[in-house]
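Novice: Here's a sequence, model it:
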Amino acid sequence: MYALTLSPALYEQITDHCAASPQQEACGLLAGRGQRVERVLPITNVAANPATAYHMDEAELARVLPLLAQAGQDVLAVYHSHPDGSTRPSRIDIASWAFPDAAMMIVSPHTRRASAWRVQNEDVTPVEIMLGAQASPAVHPPSTFARAAIILSALLGGLAVLLIALALLPPAPPIP
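Specialist: You can find the predicted model right below:
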């Protein structure tokens, strides 16, 4: 499962950027390594109608992308806001998606909530946004059933070791 992990401070940086002009779509890049976001890079929206669309300034992208490569970072997500408050990708978002290896994060500038999506060949799947320092989104605490199975396995294993040890003991000497 793909997820984006970022600190609360980086999440706040994204939502602050989007809330600064709630009537226009804000946009930018999230860069990092693996699935961990390390940098937020706001990019100027140069769309003809920024109230309903975004188009990242190509000169800024041309300046920023090589710097990311030099730092060993990848574009993990592209974020933008929806002034109507929706955090789901629009048909235009999906049809114009140009970053198949990155996630699409959409922010509501009014509620400061966000959702993330993978868009590949117009197939859209949700991406988990994890705030904090979780090591891996695939690692979850075991369920109650799993904990019970682990305890039972440990008890049975201990019992098996005890029975084997008793079976290997030499016979007791005869009592005179």
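Novice: for the helix ranked longest in the chain, which positions count as buried?
Specialist: When the chain is parsed with DSSP state H, its longest helix is helix 144-168. By neighbour count on 16 or more other C-beta atoms under 10 Å, the buried set for helix 144-168 is empty. For the C-beta atoms, the positions are set from N, CA and C on the backbone; glycine is no exception.
Novice: Report the rounded mean pLDDT for that helix.
Specialist: Helix 144-168 shows a mean pLDDT of 78.
Novice: ditto for stretch 49-63
Specialist: If you average the pLDDT over stretch 49-63, you get 94.
Novice: If you count neighbours, what's buried in that stretch?
Specialist: Buried, per 16+ other C-beta under 10 Å, within stretch 49-63: 50, 53, 54, 55, 56, 60.
Novice: Is the fourth one in contact with residue 46, as I believe?
Specialist: Yes. Under the criterion of C-beta atoms under 8 Å, residue 55 lies in contact with residue 46, with a separation of 5.4 Å.
Novice: Nearest to residue 27, out of the buried residues of stretch 49-63: which one, please.
Specialist: residue 54 (4.3 Å; C-beta to C-beta).
Novice: which residues sit against stretch 82-101?
Specialist: 22-25, 51-53, 74-75, 78, 80, 104, 106-111, 113-115, 117, 119-122, 124 (C-beta atoms under 8 Å, 6 or more residues apart in numbering).
Novice: re earlier: okay, the buried residues of stretch 49-63 in CSV with distance to residue 42 and secondary structure next?
Specialist: Output for the buried residues of stretch 49-63, formatted as CSV (distance: C-beta to C-beta, whole Å; DSSP: H, G, I helix; E, B strand; the rest coil):
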residue, distance to residue 42, secondary structure
50, 14, coil
53, 17, coil
54, 12, coil
55, 14, coil
56, 10, strand
60, 9, helix
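Novice: Please identify which pair of those residues lies farthest apart.
Specialist: Using C-beta to C-beta, the buried residues of stretch 49-63 span at most 16.9 Å, a distance reached by 53 and 60.
Novice: give me the low-pLDDT residue ranges for the protein?
Specialist: Counting by pLDDT under 70, the chain shows low-confidence ranges at 1, 133-149.
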